[in-house]
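*Asks:* have a look at this prediction, sequence included:
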Amino acid sequence: MTRRSSIPREVGLDHTKDVLREGYQYIPNRKKAFQSDFFESRILGEKTVFMSGEEAAELFYNTDYFKREGAAPKRIQKTLLGEHGVQGLDGAQHRHRKEMLMSLMSEERLQVLDQTIETYLDQYIEKWEKKKSIQLYDEAVEMIFQIACDWAGIPLEQHEIRNLAPKTADLFESPATVGLKQFKGRNSRIQLENWAKDLIMKTREKEIHPPEKTALHVIAWHRDLEGKLEDLDAVTDDLLNIIRPMVAISIYVAFTAHAVIHHPKEVEKLRAHDDRDAYKRFIQEVRRFYPFFPFNVARVKEDFVYRGHAFKENDQVIFDFHGTNNDLKIWNNPDLFTPDRFKDWDGSPFNFVPQGGGDYLGGHRCAGEWITIRMMQIFLHYFVEKIDFEVPPQDLSYSMVHPPSRPKSKVVMKNVRMKI
Ligand code: HEM
């Protein structure tokens, strides 16, 4: 029996190649062509409902309808996420682990992070002053790796910084790749898992003593729902779920610098007012405007009907982050970089979703959104108020096809100087 549906369907056997060819624009292009926020297509040999926009976000993040178990493709688990992370959990197990991760995000711990970021930035700027030019993205990867480990209570040897910082970047640079780059990402994941496992075992065996409330301490001593010490593979992924995405903020740091370079009038506004809200609005606009993760995948929990479409248990669904952040129904002139639009933003958890939507504890919204915003704000403050730099000719364009995108030149800055 064929299924009836009011959702438009893209004809053809399989559209995986179109997804790879069009990248961030695959869903928005069809949304426009079908004049619909929902459409059905086939990718990786599976019938899939694609959805975009505010209503779609509300549906996607409803855990009565969708689950994450068995949703993420293996190539993403073996690079970005790990096979035992919270991303693949549902229900009570998910909530229990997510509560532990969210406990790391207290105001007290975020203030410690703010200070740590400033300390490292001051040290790095001293180093940059001695160089003719720097590549901001690479510097940020190395610096934020140390910031993350310091904040997480992880002891680091000098040689580990050079070895592990770029490997951490491999995890978020490789998921959408094939061949050698994918192989490199998988290898880096194995090495980082060994490193994280070793840190957790040493903590449990009291060979090292990370301070209380740090991520390493909290994660290593976490107990499961039955009160037993959490499974080693699970906590290994939890620890990497802190370090890896903190390092990934390097991409946003590069895009923040990109926005500073391209929007001098907006920078002038920041200088004129120097108020925290203006800085926050600028950062929110960076997160809305620039592409990061294009979309995410889930599976239908139990049969249900929505918009006349029969969703069947285990069907694949994909939700569009970038297209929602640029949706004409939500944002006026989404192609313009306009931080002031956030003066009127209603704060909905479903219409601005650079790091997912919905609820932090009950759902899969990113655990590190507050860290991301604060770290970006501090970097922005340094770019605007604390340092001078020149921008030599370079290719600052970025891809709208291959995720995660970033400025091609990695943002070269010349003659970086601390302002007097
Ligand atoms: C670079 C900036 C970041 C971006 C663009 C980002 C984006 C995302 C996205 C799109 C999701 C998936 C939401 C969903 O499942 O639908 C997610 C989940 C997650 N993120 Fe982030 N993130 C960032 C930074 C961070 C940071 C700094 C941390 C931790 C310190 C973090 C920890 C997590 C965790 C643990 C999850 C899984 C949540 C769950 O499944 O319940 N992220 N993030």
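*Replies:* Cool, the structure landed. Numbers count the residues shown, from 1 in each chain.
*Asks:* count the neighbours of residue 411 for me.
*Replies:* The number of residues packed near residue 411 is 26, by other CB atoms under 10 Å. (C-beta placed from N, C-alpha, C; glycine too.)
*Asks:* shaky segments in this structure?
*Replies:* Scanning the chain for pLDDT under 70 picks out the ranges 1-4, 178, 274.
*Asks:* near the ligand, which residues of it show up?
*Replies:* Within reach of the ligand by CB under 6 Å from any ligand atom, the chain has these residues: 86-87, 98, 101, 241-242, 245-246, 248-249, 252, 292-293, 296, 321, 354-356, 364-368, 371-372.
*Asks:* can you name the residue of the chain nearest the ligand?
*Replies:* residue 368 (2.0 Å; CB to the nearest ligand atom).
*Asks:* give the contact list for that residue.
*Replies:* 105, 242, 245, 246, 355 (CB atoms under 8 Å, 6 or more residues apart in numbering).
*Asks:* quick one, strands of the stretch 51-200 of the chain?
*Replies:* 66-67, 133-135 (DSSP state E, counting those that start in this stretch).
*Asks:* show me what the first one is packed against.
*Replies:* Contacts of strand 66-67 with other secondary structure elements, assessed using 3 or more CB pairs under 8 Å, 6 or more residues apart in numbering; DSSP states H and E, are made with strand 295-300.
*Asks:* got a list of contacts for the strand it packs on?
*Replies:* 27, 50, 60, 65-73, 311-322, 356.
*Asks:* can you tell me which of the residues you listed are in helices?
*Replies:* 27, 60, 321, 322 (DSSP state H).
*Asks:* mind checking how far residue 165 is from residue 183?
*Replies:* 20 Å (CB to CB, to the nearest Å).
*Asks:* compare neighbour counts for the two and give me the winner.
*Replies:* Neighbour totals were compared for residue 165 and residue 183, and residue 165 leads with 23 against 13 (other CB under 10 Å).
*Asks:* state the number of residues packed around residue 311.
*Replies:* 23.
*Asks:* now for it: which residues touch it?
*Replies:* 49, 65, 300, 303, 304, 305, 317.
*Asks:* tell me what the last one is bridged to.
*Replies:* Just to be clear, that refers to residue 317. residue 49, residue 298 (DSSP bridges).
*Asks:* give me the neighbour count for it.
*Replies:* 22.
*Asks:* next, the contact list for it, please.
*Replies:* Residue 317 neighbours (CB under 8 Å, 6+ apart): 48, 49, 50, 51, 60, 66, 297, 298, 299, 300, 311.
*Asks:* show the contacting residues for residue 235.
*Replies:* 200, 219, 220, 222.
*Asks:* wait, which of these is closest to residue 114?
*Replies:* residue 219 (21.4 Å; CB to CB).
*Asks:* isn't the closest one up against residue 239?
*Replies:* Yes: between residue 219 and residue 239 there is a contact under CB atoms under 8 Å: 5.1 Å.
*Asks:* settle it for me: which of those two has more neighbours?
*Replies:* residue 219 (29 against 25).
*Asks:* so which strand or helix has that one?
*Replies:* helix 215-220 (DSSP states H and E).
*Asks:* returning to that earlier point: neighbour-wise, give me the winner out of the contacts of residue 311.
*Replies:* residue 49 (24 neighbours).
*Asks:* pretty sure that one is touching residue 43, no?
*Replies:* No: because the distance of 11.0 Å does not satisfy CB under 8 Å, residue 49 is recorded as not touching residue 43.
*Asks:* shared neighbours of the two, anything?
*Replies:* Common neighbours of residue 49 and residue 43 (CB under 8 Å, 6+ apart) are residue 318.
*Asks:* what's the nearest residue to residue 23 if we skip its chain neighbours?
*Replies:* Closest residue to residue 23 apart from its sequence neighbours, by CB to CB, 6 or more residues apart in numbering: residue 401 at 3.5 Å.
*Asks:* put the buried members of the contacts of strand 295-300 into a PyMOL selection.
*Replies:* A single PyMOL command is used to select the members of the contacts of strand 295-300 judged buried by 16 or more other CB atoms under 10 Å:
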select buried, resi 27+50+60+65+66+67+68+71+72+311+315+316+317+318+319+320+321+322+356
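*Asks:* how about the helices of the stretch 301-420 of the chain, start to end?
*Replies:* Ranges of helices in the stretch 301-420 of the chain, per DSSP state H, counting those that start in this stretch, are 321-325, 369-381.
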